[in-house]
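> Show me the folded form of this:
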Amino acid sequence: MTAPVAVITGATGGIGAVLARRLAADGWLLHLVDVDAGRLESLRQVLPGGTTIAESRLEEPAACATALQDAPDRFGALVHLAGIFVPHDLGPGSREIYDQTMQHNASNAFDLAGVVLPRMTDGGRIVLTSSLGFHRGVPDHAAYSMAKGAIVGLTRALARRIGNRGICVNAVAPGIIETRMADDLIERRGRDALLSAIPLGRLGQPEDVAGVIAFLLPGDASYITGQVITVDGGIINA
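Coordinates of the predicted model:
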């Protein structure tokens, strides 16, 4: 039996690398996409043979198609983790950061969906990445908060559009996860101050999010679609 294929973007990030190792151990064949070719190659070296990689910023539909050209023909899952998290003001000088943030956190998800769906098997899975920033808003990351809200809308629309193919589309909304992306936030706001707002009393780990994503892939979660699963240690309810 041929192993199912999962495409992971943002694959060398904290969550992506943990997820890649977990899915490989579960028998998935992987196609990994990231902006860092060196990290991609290093990750491939610790994964089973057959893993394919592509360096890409996924900046337009053509770039998304190119990023998948060396992947197997059919996909069982897309996990879209790629994104940026850049603080900014609200003045005219921030428009460039706004445009980049929307492109790298929302527009690329739309473009990827258009490229992936014709190659996805019926009964496949799509997992997109929203954020606690969508639920609460991040004061110095307004564009990021907007983009992650757009992901929720896309998740719900796709779930309704392709449900007749048995494809489930969901999103995860991580809270404060100890990854490179969150390093600046943790330093600026202070670890103790952040911990005081988390009922579980600890920052999230990449494994916390990877475990939820793995659950949402083919298997037990066959009747869950159009949902946003918050993985934040309880912040949203505090």
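
> residues of the one helix or strand A109 maps to that come out buried?
Element membership of A109, judged by DSSP states H and E, is helix 108-116. The neighbour-count check on helix 108-116 (16 or more other Cβ atoms under 10 Å) flags N108, A109, D111, L112, A113, V115, V116 as buried. For every residue, glycine as well, the C-beta is placed using N, CA and C.

> can I assume S94 is in contact with V86?
No: S94 is not in contact with V86 according to Cβ atoms under 8 Å; the separation is 9.6 Å.

> Could I get the average pLDDT for the lengthiest strand in the chain?
For the chain, the strand reaching the highest residue count under DSSP state E is reported as strand 120-129. Here strand 120-129 scores 97 as its mean pLDDT.

> so what strands line up beside it?
As defined by DSSP bridges, the strand partners of strand 120-129 come to strand 75-80 (parallel), strand 168-174 (parallel).

> Tell me which residues are up against stretch 28-40.
Contacts with stretch 28-40, where a contact means Cβ atoms under 8 Å, 6 or more residues apart in numbering, come from 3-13, 16, 20, 23-24, 43-44, 47, 50-58, 67-68, 70-72, 75-77, 82.

> Just the CA trace of stretch 71-82, in PDB.
This file holds the C-alpha atoms of stretch 71-82, laid out as PDB (Å, rounded to 0.1, in the frame of the first residue of the first chain):
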ATOM      1  CA  ALA A  71       6.200  16.300  -4.900                       C
ATOM      2  CA  PRO A  72       4.300  13.100  -5.600                       C
ATOM      3  CA  ASP A  73       1.300  13.500  -7.800                       C
ATOM      4  CA  ARG A  74      -1.400  13.100  -5.100                       C
ATOM      5  CA  PHE A  75      -1.700  14.500  -1.600                       C
ATOM      6  CA  GLY A  76      -3.500  13.200   1.400                       C
ATOM      7  CA  ALA A  77      -3.000  16.300   3.500                       C
ATOM      8  CA  LEU A  78      -1.900  19.900   3.500                       C
ATOM      9  CA  VAL A  79      -0.600  21.500   6.700                       C
ATOM     10  CA  HIS A  80       0.000  25.200   6.100                       C
ATOM     11  CA  LEU A  81       2.200  26.600   8.900                       C
ATOM     12  CA  ALA A  82       4.200  29.200   7.000                       C
END
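
> what mean pLDDT does it have?
96.

> Check which residues of that stretch are buried.
Buried-residue list, stretch 71-82, by 16+ other Cβ under 10 Å: A71, P72, F75, G76, A77, L78, V79, H80, L81, A82.

> Dump the residues you listed to a markdown table, plus distance to L217.
Converted to a markdown table, the buried residues of stretch 71-82 look like this (distance: Cβ to Cβ, whole Å):
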| residue | distance to L217 |
| --- | --- |
| A71 | 17 |
| P72 | 16 |
| F75 | 12 |
| G76 | 8 |
| A77 | 5 |
| L78 | 10 |
| V79 | 8 |
| H80 | 13 |
| L81 | 14 |
| A82 | 18 |
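
> who does the closest residue to Q227 other than its chain neighbours bridge with?
In space, and not counting its chain neighbours, Q227 is closest to N170: 4.9 Å by Cβ to Cβ, 6 or more residues apart in numbering. Listed by DSSP bridges, the beta-bridge partners for N170 are V127.

> Please apply the same query to the one 4 residues further on.
When bridges are called by DSSP bridges, P174 pairs up with V231.
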